[in-house]
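1. Kindly return the folded structure for what I paste below:
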Amino acid sequence: MTQKLGRHCTICSHDQHRQIDADILRHATGYLKIASRYGLILASVQRHAANHLAAALRAHREAEMLLSAETLIGELNELHLFARRVLDRAEEAGDDRTVLAGVEVAGKNIERLAKLGALGEIEQRLAALEHPEVDEGRA
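-> So this is what the prediction gives:
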């Protein structure tokens, strides 16, 4: 029985394959520009990304989403602290109308934070992405 050999990946054997992989992961310029920058054809870059970098691309996109979530959570926390300070001042001044408005704003901020999901889980996932060696040590 004759064994059929698979197609040789031109990117895996390219002198600059690590830089090509980094460019694909960043995907800042698109596959066509990446291909022309390194003297490759578009199909080779697409095939390499699909066959050899699919998991890395998913992880990269997930990391970007988590970092965006962390930024959003930070912003919401700052807004919540501001609302709390205003609420405290209004309460000290006996300004019931502002107190009620502050309670409403603070409540909405808490709802927004809750909608972002389990904050502890997001922080754990971010830590795992930032320090993968810690996660590997547990396995």
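
2. can you give me the helices for this structure?
-> 17-26, 31-37, 42-52, 54-93, 96-115, 119-130, 132-138 (DSSP state H).

3. looking at those helices, which has the lowest confidence?
-> Confidence, taken as mean pLDDT, is least for helix 132-138 of the helices of the chain (a mean of 48).

4. Could you chop the chain up by domain?
-> Domain segmentation of the chain under automatic domain parsing yields 17-52, 56-138.

5. Would you mark the buried spots in the shortest one?
-> So the one you mean is domain 17-52. Using 16 or more other CB atoms under 10 Å as the test for burial, domain 17-52 gives 17, 20-21, 23-24, 31, 34-35, 38, 40, 44-45, 48-49, 52. All C-beta spots, glycine's among them, are computed from the backbone N, C-alpha and C.

6. mind checking how far the nearest residue to residue 14 once chain neighbours are set aside is from residue 26?
-> Spatially, and ignoring its direct neighbours in sequence, residue 14 is nearest to residue 20 (6.2 Å; CB to CB, 6 or more residues apart in numbering). Taken as CB to CB, to the nearest Å, the spacing of residue 20 relative to residue 26 amounts to 11 Å.

7. residue contacts, residue 98?
-> 86-87, 90 (CB atoms under 8 Å, 6 or more residues apart in numbering).

8. can you redo these as TSV with neighbour count?
-> Listed next are the contacts of residue 98 as TSV, based on neighbours: other CB atoms under 10 Å:
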residue	neighbour count
86	17
87	20
90	18
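
9. any chance of these in JSON lines, with distance to residue 106 too?
-> Below are the contacts of residue 98 laid out as JSON lines (distance: CB to CB, whole Å):
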{"residue": "86", "distance to residue 106": "9"}
{"residue": "87", "distance to residue 106": "6"}
{"residue": "90", "distance to residue 106": "12"}
